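Participant: got a sequence here, can you build the structure:
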Amino acid sequence: MVEFSKSLASEQTPIPGMMLIDLPVHGDNRGWFKENWHLRKMRSLGLTEFGPIQSNVSFNHAVGTTRGIHAEPWDKFISVATGRVFAAWVDLREGDSFGQVFTTELDPSTAVFVPRGVGNSYQSLEQDTAYIYLVNDHWSPDASYTFLNLADETVAIDWPIPLDQAELSDRDRTHPRLADVEPFKRRRTLVTGADGQLGQALRRALAGADHVEFTDVGDLDLTQDLTEARPWRQYDTIINAAAYTAVDTAETLEGRRDAWRVNVDSVSNLAAVAARNQITVVHVSSDYVFDGTVEEHPEDEPFSPLGVYGQTKAAADAVIATVPRHYVVRTSWVIGDGANFVRTMASLADRGIDPAVVDDQFGRLTFTDDLAAGILHLVDSGAEYGTYNLSNTGPVSSWAAVAKRVFELAGHDPARVSPVSTEEYFAGKDALVSPRPRHSALSLDKLTATGFHARDADEALQEYLARD
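Facilitator: Numbering: from 1, shown residues only. The predicted model follows:
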């Protein structure tokens, strides 16, 4: 009669991200039964992102069969079908936990979740032991692997059966000591559109991060099939800062085609590789997905774009929402490096030009340094996937009010700015003009609940002009 029986439970180990799990095993005179992997129950324990795609079995005839220490670029869910093992893991990832060890015995009533980059090893304690591991990637000769000698003196694993009496492969006998092991590199982050306003802010925010790769036009053609464009198994995050933003030109025939190609086709290609390779993708959206009839837009407001640019951004939002690990970051009135509204107003003020500026469009400015900081907060904090509004905080204002404030901060008379209606501003213009949402302010409650607080827009404006 089998005597195991436990309730499902888990505990964290000294190795970050590694979890020891008790599995209920139900036995009778015939043998026993267990649910080795139950998606909904494992989600309740916190394994929310592990999606196994392959199941492997390592069968060991003799007591003392010893395998490892191997670290691979995929996560593993390990259990025993028959027999019993002494199992040992060593964290081989770069960082403060490098070299951390955890050991335990595994039998059919116990399992362990092992993150990528943690070295896995075990020694069979009974004959005919079957060691099972589910993995979330397929083996590839091109992937990165890290190995550690089973007899390393630094980690000093206390093997129940001395290694000189154990069954080992010749290869496992010759792996390097810990002092000679190159730490397992963290997965990479890809930033697209790195030369744009947001891209440059991300460059500043991620300066010195050797796991980040920046690309722009000419480095990676996002409009083409990206399946083989990168070794995607080595990436865990894509931040898409590339976009077609010529709002009025998008209303022309050529512009419409370009806008859909860049804003939708490219995003679809990124979404495909992200979904296929379990990559988190961050996509930057716009207030233009709304018609502006609501004074402050929540994240779940239905799409109602007025123009072609807004249509392409709404389509891209819908595409990204199909990726299991995604953040849609919706923003408005973006100010960063290069030409923008604030710099234009400051230049007009200095040159003695008195502009007419619309006073019936309302919103909040978003400075790219705050936008970049908010994006990295979502990724680094592990916030729940989904859509988040992100702008600077403070009172809602019109474009004319922003222009007056720029004049004032630049030491000029704000009365030089003439408020006009949108209709008056565009009257008589020959070029096609995209309709604008009258209200662009975004509700920030959801983002604030994650612990991120952007600067007040006026404070950010003062710092921006002082820097320029």
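Participant: just give me the residue right at the centre of the protein.
Facilitator: Nearest to the mean C-alpha position of the chain, by CA atoms, centre = their mean, lies Thr280 at 3.7 Å.
Participant: flag the shaky bits of the stretch 1-150 of the chain, pLDDT-wise.
Facilitator: For the stretch 1-150 of the chain, the stretches with pLDDT under 70 are 1-5.
Participant: surely the residue nearest to the centre of the chain touches Pro324?
Facilitator: No. Counting by CB atoms under 8 Å, Thr280 stays clear of Pro324, with 9.0 Å between them. All C-beta spots, glycine's among them, are computed from the backbone N, C-alpha and C.
Participant: can you count the residues close to Gly208?
Facilitator: Using other CB atoms under 10 Å, the number of residues around Gly208 comes to 5.
Participant: likewise Asp236?
Facilitator: Count around Asp236 with other CB under 10 Å applied: 19.
Participant: please apply the same query to Thr387.
Facilitator: Thr387 is flanked by 18 other residues according to other CB under 10 Å.
Participant: any idea what it is bridged to?
Facilitator: Applying DSSP bridges to Thr387 gives these bridge partners: Val328.
Participant: give the contact list for it.
Facilitator: By CB atoms under 8 Å, 6 or more residues apart in numbering, Thr387 lies in contact with Ser285, Glu299, Asp300, Asp317, Ala321, Tyr327, Val328, Val329, Arg330.
Participant: are any of those residues buried, and which?
Facilitator: Buried members of the contacts of Thr387, scored by 16 or more other CB atoms under 10 Å, are Ser285, Glu299, Asp317, Tyr327, Val328, Val329, Arg330.
Participant: quick check: buried residues in stretch 332-347?
Facilitator: For stretch 332-347, by 16+ other CB under 10 Å, it's Ser332, Trp333, Val334, Ile335, Gly336, Asp337, Asn340, Phe341, Val342, Arg343, Met345, Ala346.
Participant: again with stretch 232-248
Facilitator: Of the residues in stretch 232-248, 232-245, 247-248 count as buried by neighbour count, 16+ other CB under 10 Å.
Participant: of the buried ones among the contacts of Thr387, which is the nearest to Ile53?
Facilitator: Nearest to Ile53 among the buried ones among the contacts of Thr387, counting by CB to CB, is Tyr327 at 23.5 Å.
Participant: the closest one reaches Tyr388, doesn't it?
Facilitator: Yes. Counting by CB under 8 Å, Tyr327 does reach Tyr388; the two are 6.5 Å apart.
Participant: okay, and the common contacts of those two?
Facilitator: Taking CB under 8 Å, 6+ apart as the criterion, Tyr327 and Tyr388 both touch Leu378.
Participant: show me where the stretch 351-468 of the chain has strands.
Facilitator: Using DSSP state E, counting those that start in this stretch, the strands found in the stretch 351-468 of the chain span residues 356-358, 362-363, 366-367, 386-389, 397-398, 418-420.
Participant: turn these into JSON lines, including mean pLDDT and distance to Val289.
Facilitator: Below are the strands of the stretch 351-468 of the chain laid out as JSON lines (pLDDT from 0 to 100; distance: least, CB to CB, whole Å):
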{"stretch": "strand 356-358", "mean pLDDT": "95", "distance to Val289": "20"}
{"stretch": "strand 362-363", "mean pLDDT": "97", "distance to Val289": "14"}
{"stretch": "strand 366-367", "mean pLDDT": "97", "distance to Val289": "15"}
{"stretch": "strand 386-389", "mean pLDDT": "98", "distance to Val289": "10"}
{"stretch": "strand 397-398", "mean pLDDT": "96", "distance to Val289": "21"}
{"stretch": "strand 418-420", "mean pLDDT": "95", "distance to Val289": "26"}
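Participant: looking at the ones you listed, which is buried most?
Facilitator: Counting by mean count of other CB atoms under 10 Å, strand 366-367 has the highest mean neighbour count of the strands of the stretch 351-468 of the chain, with a mean of 26.
Participant: for it, the distance to its chain's centre please.
Facilitator: Here strand 366-367 shows a centroid-to-chain-centroid distance of 21 Å under the convention CA atoms, centre = their mean, to the nearest Å.
Participant: quick check: Ser10 touching Met19?
Facilitator: Yes. Ser10 lies in contact with Met19 (CB under 8 Å); the separation is 5.2 Å.
Participant: shared neighbours of those two, anything?
Facilitator: Leu45, Gly46.
Participant: returning to what we had before: among the buried residues of stretch 232-248, show me the least confident.
Facilitator: The member of the buried residues of stretch 232-248 with the lowest pLDDT is Arg233, at 80.
Participant: if I pick that one, what's in contact with it?
Facilitator: By CB under 8 Å, 6+ apart, Arg233 lies in contact with Pro73, Trp74, Asp137, Ser140, Ala143, Asn277.
Participant: sec struct for it, please.
Facilitator: Look at Arg233: counting by DSSP: H, G, I helix; E, B strand; the rest coil, its state is helix.
Participant: do the same with Pro52
Facilitator: Assignment for Pro52 (three-state DSSP): coil.
Participant: begin at 7 from here
Facilitator: Yes, from this point I'll number from 7; that puts the last item at Pro58.
Participant: which residue packs closest to it, ignoring adjacent ones?
Facilitator: Leaving aside its chain neighbours, Pro58 sits nearest to Leu140 (3.7 Å; criterion: CB to CB, 6 or more residues apart in numbering).
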